[in-house]
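Colleague: Predicted model and sequence follow; I will ask about them next.
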Amino acid sequence: MNAGSLSMPPAPQCSFASDNAAGVLPEVLDAMVAANEGCALAYGEDPWTTRAESALADLFGGAAAVALCWGGTGANVVGLACLLGPGEAVICAEEAHIAVDEGGAPERFTGSKLLTVPTPDGKLRPDDVLAVLYALGNQHHAQPGVVSITQSTERGTLYRPDEIAAVAEVAHDHGLHVHLDGARIANAAAALDGDLRSFTTDAGVDVVSFGGTKNGLMYGDAVVVLEPAVARVLPFVRKQTTQLASKMRFLGAQFEALLADDLWLRTAGHANAMARRLADRLDGVQGVQVTGTPDVNATFVQLPSAAAVAELQAWSFVWEWEPARHEIRAMTSFATTIDDVDRFAAGIAAVAAQHG
Ligand SMILES: Cc1ncc(COP(=O)(O)O)c(C=O)c1O
């Protein structure tokens, strides 16, 4: 069968390729327009940024230092650079975004090596960290200085708070810091009953990259420093790594709108629910296998063949995740509708039926 076959149902309106294929939350866009009235001091000396920083700090328990950044890669670079000293390296999962999808930015801007560890599900365990610590004290080896974990992970999995606390304990016991890449921290928080602190502040995380872009901002992620000893360098590191926006009020206005009335949790909760619906819709479909359970807003689906993947992509583009097993990754967002999910599931079923 060719792409665009007559037997395909109508394609979804919203793409499942990524959560950043979605547009901007109306509340966020309205806030940006409102912030466009008149003039305001630049570089974060404006009331929107002040309010956004304090709302973000409150989420983490109040004692956090916050720096709004342009995007997720930038926030990761700033966060890691705040923690790393000369000769130090970052332990992370093999499929961590910082290792795979940031064009080497963390290495280039921090000058530090990434020590990647294979994992079955994108999650680091204490033993994974311990296995790399043999290098400590040996001048010929890069010195593990930071453990970076992703919550929720690139594989769509979720750390329980006690799992993060266990990793942080091992890290701290050996003098390492903990960075959490939270490009999808809202999806994780929504999946954990909104209890953000349980897996950050209370679990011993030192620095968080707090995602905004994947949860309805036009652009913007934040660095939240929870370890007071590190906070002093944050503004200087942000400036040096080119993440200090001059017209910061438009970042501040976006975050202020996102955090108001728990909008960030409601949108992420919706995205998670849409992923669960997709998995439910595909349950029992001939030739289709949902890999794992969608804990957050990612659903991984195995199709019968490479040709099936190609036909699905031609109909409604989605990324292939594991070509060897014809597995795709479908992402949902605040903008995904029930109708989108049902159409996408019907499309997957149609492709599978043709190629099974
Ligand atoms: C886990 C993770 N971290 C960070 C990012 C940030 O990326 P960007 O620089 O594209 O905003 C992404 C985006 O895909 C991501 O998936």
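Modeller: Noted; the coordinates are in hand.
Colleague: just the strands in this structure please.
Modeller: 65-69, 88-93, 113-117, 143-150, 177-182, 207-210, 221-225, 289-291, 298-302, 319-322, 327-331 (DSSP state E).
Colleague: what about the second one and the ligand, any contact?
Modeller: No: for strand 88-93 and the ligand, the contact criterion (Cβ under 6 Å from any ligand atom) is not met; the two come no nearer than 10.4 Å. Just so you know, the C-beta spots here come from the backbone N, C-alpha and C atoms, and that holds for glycine as well.
Colleague: thinking again about what came up before, winner for burial among the strands of the chain?
Modeller: Most buried of those, by mean neighbour count (mean count of other Cβ atoms under 10 Å): strand 207-210, with a mean of 30.
Colleague: From the contact counts, what lies against that one?
Modeller: helix 72-83, strand 177-182, helix 185-191, strand 221-225 (3 or more Cβ pairs under 8 Å, 6 or more residues apart in numbering; DSSP states H and E).
Colleague: Could you export the strands of the chain as a markdown table, including mean pLDDT and distance to residue 349?
Modeller: As requested, the strands of the chain are arranged in a markdown table below (pLDDT from 0 to 100; distance: least, Cβ to Cβ, whole Å):
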| stretch | mean pLDDT | distance to residue 349 |
| --- | --- | --- |
| strand 65-69 | 98 | 41 |
| strand 88-93 | 98 | 32 |
| strand 113-117 | 98 | 37 |
| strand 143-150 | 98 | 31 |
| strand 177-182 | 98 | 34 |
| strand 207-210 | 98 | 37 |
| strand 221-225 | 98 | 36 |
| strand 289-291 | 96 | 12 |
| strand 298-302 | 98 | 11 |
| strand 319-322 | 96 | 18 |
| strand 327-331 | 98 | 13 |
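Colleague: can you redo those as CSV with distance to residue 247?
Modeller: Putting the strands of the chain into CSV (distance: least, Cβ to Cβ, whole Å) gives the following:
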stretch, distance to residue 247
strand 65-69, 11
strand 88-93, 31
strand 113-117, 33
strand 143-150, 30
strand 177-182, 24
strand 207-210, 20
strand 221-225, 16
strand 289-291, 43
strand 298-302, 33
strand 319-322, 33
strand 327-331, 30
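Colleague: before we move on, back to that, now the helices and strands packed on strand 207-210 in a markdown table, with distance to the ligand?
Modeller: Formatted as a markdown table, these follow (distance: least, Cβ to the nearest ligand atom, whole Å):
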| stretch | distance to the ligand |
| --- | --- |
| helix 72-83 | 2 |
| strand 177-182 | 5 |
| helix 185-191 | 10 |
| strand 221-225 | 6 |
